[in-house]
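S.K.: Need coordinates for the following:
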Amino acid sequence: MLPRTALSALLLAAATTAPLRADTPLALDVTFSQRALQELAGISEMVMVSAFYFGEPAPGATIEPDDEGLIFLGVEEHVIWPVPQRVQLGANLATMPVAQVVAPQVNVNVYSARFGAEDNLLDCALVDGPVQDFVGKPQAVACKLIGE
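M.R.: Have a look, this model is predicted:
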């Protein structure tokens, strides 16, 4: 059982953290250069979209932070076809322990899935920052071949 002060701090942190609903999507508009489309199609390669959720501990957090002082909330990954498309992320945000952090952060990386090639072939824009900064604002993620 948590001491009363820790429980009070945890409840206060939960009450002051902006709620994230299960229907709070983060949208990525993923595009590819013509050369990237041709290369990926030529080797039947897919694309991985990986979102890493984390944050700084909220007062009274009960989850132990990592060596960098951050609390891991979860990972979301999608394997997509290498065609221009909108990818929706954040379907599971409501199930993550977001009350444990001051403000949930997300780091999104897009790279080749390595089904057709051993190494990553793509150089894609990153999305990194507070989740709330991206809600309702689709983020452009342009991908090209590394070295293109």
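S.K.: So which helix or strand of this protein has the lowest pLDDT on average?
M.R.: Within the chain, confidence by mean pLDDT, DSSP states H and E is lowest for helix 4-16 among all helices and strands, at a mean of 35.
S.K.: how long is stretch 137-148 end to end?
M.R.: The first and final residues of stretch 137-148 sit 28 Å from each other (Cα to Cα, to the nearest Å).
S.K.: so how far is it from its chain's centroid?
M.R.: Once both centres are worked out by Cα atoms, centre = their mean, to the nearest Å, stretch 137-148 turns out to sit 16 Å from its chain's centre.
S.K.: Okay, buried residues for it please.
M.R.: 139, 141, 143, 144, 145 (16 or more other Cβ atoms under 10 Å). In short, each C-beta sits where N, CA and C put it, glycine included.
S.K.: which residues does the residue nearest in space to the middle of the chain bridge with?
M.R.: Of all residues in the chain, the one closest to the mean position by Cα atoms, centre = their mean is residue 51, 2.4 Å from it. For residue 51, the residues forming beta bridges with it (DSSP bridges) are residue 76, residue 108.
S.K.: show me what contacts it?
M.R.: Residue 51 is in contact with 26, 75, 76, 77, 89, 90, 106, 107, 108, counting by Cβ atoms under 8 Å, 6 or more residues apart in numbering.
S.K.: one more time with 7 Å
M.R.: The neighbours of residue 51, taking Cβ atoms under 7 Å, 6 or more residues apart in numbering as the test, are 75, 76, 89, 106, 108.
S.K.: cool, residue 104 as well?
M.R.: Listed by Cβ under 7 Å, 6+ apart, the contact set of residue 104 reads 20, 53, 55, 73, 98, 131.
S.K.: Apply 8 Å and report the result again.
M.R.: By Cβ under 8 Å, 6+ apart, the contact set of residue 104 is 20, 53, 54, 55, 73, 93, 96, 98, 130, 131, 132.
S.K.: Helix or strand: which one has the third one?
M.R.: In other words, residue 54. Secondary structure assignment for residue 54, by DSSP states H and E: strand 47-55.
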